[in-house]
Structures are given as structure tokens and as C-alpha cells.
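Novice: what's the 3D shape of this:
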Amino acid sequence: MSEPQFDDLYGSEETCRAMLFTRRRPVGFKCPACGGHEHIVIRSRGRYQCSAC
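Specialist: As a prediction, this is how the structure comes out:
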């Protein structure tokens, strides 16, 4: 894939993060510790944290 094609698909950081989340978690968020699906986003770190744990 060329750089212009990549920019067309994933030009912004937000779009790229959304694509990575979908690829990594095709069924949505699932906590590896408890299996829960509810989560919060830690914006300062760009991380997801389980609401149950």
C-alpha cells in the first residue's frame, strides 16, 4: 500500500485508532481478567479500563 493510499484510509489518528481497536477486538472490548464488556477510556494514556475490575 502506498503512503497516499494509507493516508486516504487512515489519515487521522482517531481513524487509525478506531481501525486498530476493531482489528484487535472484533467483538468489542472484553476484559482479559474478568471477561466484562463495560469499560472506560483513559484519554491521557489512550487506554481502555474495565469498569468491573
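
Novice: buried stuff in stretch 39-53?
Specialist: For stretch 39-53, burial by neighbour count (16 or more other CB atoms under 10 Å) applies to 39, 50. From N, CA and C alone the C-beta is placed, and that goes for glycine too.

Novice: what does it rub up against?
Specialist: Residues outside stretch 39-53 that contact it (CB atoms under 8 Å, 6 or more residues apart in numbering) are 17, 29, 31, 33-34, 36, 38.

Novice: These, buried ones only, as a PyMOL selection?
Specialist: Of those, the buried ones go into a single PyMOL selection, burial set by 16+ other CB under 10 Å:
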select buried, resi 29+31
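
Novice: quick one: which of the contacts of stretch 39-53 is nearest residue 11?
Specialist: residue 17 (12.3 Å; CB to CB).

Novice: and the closest one, that one's in a helix?
Specialist: Yes. Per DSSP: H, G, I helix; E, B strand; the rest coil, residue 17 lies within a helix segment.

Novice: How much space separates the spatially most central residue of the chain from residue 10?
Specialist: With distances taken as CA atoms, centre = their mean, residue 21 lies nearest the centre of the chain, 2.7 Å away. With distances taken as CB to CB, to the nearest Å, residue 21 is found 12 Å from residue 10.
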